[in-house]
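Asks: Structure for this input, please:
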Amino acid sequence: MEYMKRCEIDKENARLRERFGEDCTEQEEWEKNVIEPYKADGDAESPRNIEGLNWQDSAELPPEPLSEDQKYILGLVLEGHNVFFTGPAGSGKSLLLKHIKYHLRKNKKRYDITAPTGVAAVLINGRTIHSWSGLGKGDKGLNDYITKALREIRMISDESGESTFKPSKKNKNLGSRSVVGVWREIDVLIIDEVSMVP
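Replies: Here you go, the predicted model:
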């Protein structure tokens, strides 16, 4: 796994200071959780392992029960529906996500967890949506990405006559997988903070 670099943390802290002011308690709490693990000798601990920020996958079902609304959303996810859920702090979004991940693993469903920014991705033990999908920074127009996807894949017909996709060149974000391949390899894509995706 990649760890956040010090410059990325400094950049995020500067953004928080600009947004909340120099003596913002939220910003100070963020610094305690993110900056302190960077030791004097330069050896860094992953922010994913900091107490209170650990989103490591657990094989166990979270002990907290779900509300009726949360059970309904979980049922929709397990039936294969596209869902969007939101709520204020403390409403149980993280708990619901833990239950969703547990049941997806239990049902042998392949899933990936993504977020729109590097900081958000680190906090959920995921990847940025742009990196996951092979888009890179996401700073180009739609037609550029369609062209890129078509260029990176080639159709091959197998013996049954069905088309399959194979990578035509190696993409640094995807390894040997094609852009289409990453979508075909999973059953469920979870995007945290989806409202921030352009």
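Asks: Verify the assumption that Leu189 is located in a strand.
Replies: Yes - counting by DSSP: H, G, I helix; E, B strand; the rest coil, Leu189 falls inside a strand.
Asks: now the helices for the protein?
Replies: Listed in chain order, the helices found in the chain under DSSP state H are 6-20, 25-34, 68-78, 93-106, 118-123, 129-133, 142-152, 179-184.
Asks: From the contact counts, what lies against the fifth one?
Replies: Same thing as helix 118-123. helix 6-20, strand 111-115, strand 127-128 (3 or more CB pairs under 8 Å, 6 or more residues apart in numbering; DSSP states H and E). In this view, the C-beta of every residue, glycine as well, is placed from N, C-alpha and C.
Asks: Poorly predicted segments of this protein, please.
Replies: Along the chain, the model assigns pLDDT under 70 to residues 1-10, 12-14, 16-60, 138, 149-180, 195-196, 198.
Asks: can I see the domain layout of this structure?
Replies: 1-54, 64-109, 110-198 (automatic domain parsing).
Asks: For the shortest one, measure first residue to last.
Replies: With CA to CA, to the nearest Å as the measure, the ends of domain 64-109 fall 23 Å from one another.
Asks: Repeat that for stretch 76-85.
Replies: For stretch 76-85, the separation between the terminal residues is 11 Å (CA to CA).
Asks: List the buried residues of it.
Replies: In terms of neighbour count (16 or more other CB atoms under 10 Å), stretch 76-85 has its buried residues at Val77, Phe85.
Asks: Need the residues that contact that stretch.
Replies: With CB atoms under 8 Å, 6 or more residues apart in numbering as the test, stretch 76-85 has contacts from Ile73, Lys93, Leu96, Ile100, His103, Leu104, Asn107, Val188, Val194.
Asks: Let's see that with 6 Å instead.
Replies: Ile73, Ile100, His103 (CB atoms under 6 Å, 6 or more residues apart in numbering).
Asks: so how far is Ala89 from the second one?
Replies: If I follow you right, that is Ile100. 19 Å (CB to CB, to the nearest Å).
Asks: And those two? Which one has more around it.
Replies: Ile100 (22 against 6; other CB atoms under 10 Å).
Asks: Excluding sequence neighbours, find me the nearest residue to the more buried one.
Replies: Leaving aside its chain neighbours, Ile100 sits nearest to Val77 (5.4 Å; criterion: CB to CB, 6 or more residues apart in numbering).
Asks: Okay, Leu61 and Thr117: tell me how far apart.
Replies: Applying CB to CB to Leu61 and Thr117 gives a distance of 29 Å.
Asks: quick one, which of these two is more surrounded?
Replies: Neighbours per residue (other CB under 10 Å) separate Leu61 from Thr117, with Thr117 holding more: 17 against 12.
Asks: residues contacting that one?
Replies: By CB under 6 Å, 6+ apart, Thr117 has no neighbours at all.
Asks: Next up, phi/psi of it, please.
Replies: When read as degrees, to the nearest 10, the backbone of Thr117 gives phi -120, psi 160.
Asks: Please report how far it lies from Arg110.
Replies: The value you get for Thr117 to Arg110, if CB to CB is used, is 24 Å.
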